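Q: coords below, sequence missing:
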């Protein structure tokens, strides 16, 4: 007879969390395996609260988990999964209901998550109260376009990170969770660039031109200016995560750069 129980992950070691993560994500749409060091960095970057994250146990083994990040009164499901050998038994719904009960207990107002468009877990999220907010795009382009295209606009200029986020907020850019200011500031050695009009910009981690963390524009002209510059300067192919359907996404489509994956941003309002 199977014994099912739920606990928090507060007392789980980094080794246990990494093993749990890699085992439960087996067979996913793309490789989600982490090393211990990668997992440590990712947990810190995401500000996952293990004391408020949930694990499902069957006969003393963790067979599913939900990792909760917290930003003020908002929460984000940084990862949720069930071991492939234990799926289709209703455990995922138990997991998510328990996680939302925890979020409600600590008085969060909203909880967000992102799910691949084709992932059937989306139906479970909807069944426990999550609503679709918008589509987000993931770009991993292997092509380098516009390198030889003449461009008459002004170059991007380096500015303080504080000015970058101020201009971005004035452009009414509505970022997904991993593009929020607080999340992006957790990266080291941020390098912020903006056009001379202050209507478009890009943010990098580290020196020079990569990796690209964020890009935004208030209009089509700004999108062309920032993208034309970046696509000629980037040493590596374009990688851009969680881009909304905006001026940047529209211009990428015109250039023949289409999303490699589409995610649905979802949210549940808590009482």
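A: Yes, it's here. Nothing here was measured: the structure is a model prediction, and the numbers come from that model. Numbers count the residues shown, from 1 in each chain.

Q: only C-alpha atoms from now on, for both contacts and neighbour counts.
A: Noted.

Q: residues contacting the most centrally placed residue in the chain?
A: Note on the chain: the residue nearest the mean C-alpha position is residue 178, at 4.3 Å, using CA atoms, centre = their mean. Taking CA atoms under 8 Å, 6 or more residues apart in numbering, we find residue 178 in contact with 184, 242.

Q: so which helix or strand takes in residue 169?
A: Element membership for residue 169, per DSSP states H and E: helix 161-170.

Q: show me what that helix is in contact with.
A: So helix 161-170 is in contact with 181, 190-194, 198-201, 216-217, going by CA under 8 Å, 6+ apart.

Q: between those, which is nearest residue 36?
A: residue 190 (24.7 Å; CA to CA).

Q: check contacts around that closest one.
A: Per CA under 8 Å, 6+ apart, neighbours of residue 190: 161, 203-206.

Q: residues in contact with stretch 245-263?
A: Outside stretch 245-263, the residues that touch it by CA under 8 Å, 6+ apart are 114-117, 135-141, 145, 215-220, 223-224, 227, 242-243.

Q: domains in this structure, by residue range?
A: Per the record, the chain has its domains at 4-108, 140-262, by automatic domain parsing.

Q: among the contacts of residue 190, which are in strands?
A: 203-205 (DSSP state E).

Q: which ones among the contacts of helix 161-170 are found in strands?
A: 190-194, 200-201, 216-217.

Q: hmm, back to that, mean pLDDT lowest for which of the domains of the chain?
A: With a mean of 86, domain 140-262 has the lowest mean pLDDT of those.

Q: how about the residue nearest to the centre of the chain, phi and psi?
A: Here is the backbone geometry of residue 178 (degrees, to the nearest 10): phi -80, psi 0.

Q: hang on, the earlier thing: now distance to residue 46 and neighbour count too, for the contacts of residue 190, in TSV please.
A: Shown next, in TSV, are the contacts of residue 190 (distance: CA to CA, whole Å; neighbours: other CA atoms under 10 Å):
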residue	distance to residue 46	neighbour count
161	20	15
203	18	23
204	17	21
205	15	19
206	18	14
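
Q: tell me the one of those nearest residue 84?
A: Nearest member of the contacts of residue 190 to residue 84, counting by CA to CA, is residue 205, at 35.0 Å.

Q: partner residues bridging that closest one?
A: On the basis of DSSP bridges, residue 205 is bridged to residue 190.

Q: from residue 53, how far out is it?
A: Noted for residue 205: a distance of 28 Å to residue 53, by CA to CA, to the nearest Å.

Q: can you give me the strands for the stretch 51-200 of the chain?
A: Ranges of strands in the stretch 51-200 of the chain, per DSSP state E, counting those that start in this stretch, are 54-58, 61-71, 74-82, 110-116, 131-140, 157-159, 190-194, 200-205.

Q: can you lay out the ones you listed as a markdown table showing distance to residue 234?
A: As requested, these are exported to a markdown table (distance: least, CA to CA, whole Å):
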| stretch | distance to residue 234 |
| --- | --- |
| strand 54-58 | 40 |
| strand 61-71 | 31 |
| strand 74-82 | 29 |
| strand 110-116 | 27 |
| strand 131-140 | 13 |
| strand 157-159 | 15 |
| strand 190-194 | 13 |
| strand 200-205 | 11 |
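
Q: nearest to residue 32, of those strands?
A: strand 74-82 (10.6 Å).

Q: the closest one pairs with which strands?
A: By DSSP bridges, strand 74-82 pairs with strand 61-71 (antiparallel), strand 110-116 (parallel).

Q: let's have these in TSV, adding distance to residue 7 and mean neighbour count.
A: Formatted as TSV, the strands paired with strand 74-82 follow (distance: least, CA to CA, whole Å; neighbours: other CA atoms under 10 Å):
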stretch	distance to residue 7	mean neighbour count
strand 61-71	10	22
strand 110-116	19	21
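
Q: for residue 186, which of these is the nearest?
A: It's strand 61-71; of the strands paired with strand 74-82, that one is closest to residue 186 (CA to CA) at 12.5 Å.

Q: run a quick neighbour tally on residue 85.
A: If you count neighbours by other CA atoms under 10 Å, residue 85 ends up with 11.

Q: could you check how far it is from residue 65?
A: Relative to residue 65, and taking CA to CA, residue 85 is found at 14 Å.

Q: re earlier: now the contacts of helix 161-170: which count as buried?
A: Buried members of these, counted by 16 or more other CA atoms under 10 Å: 181, 190-194, 198-201, 216-217.
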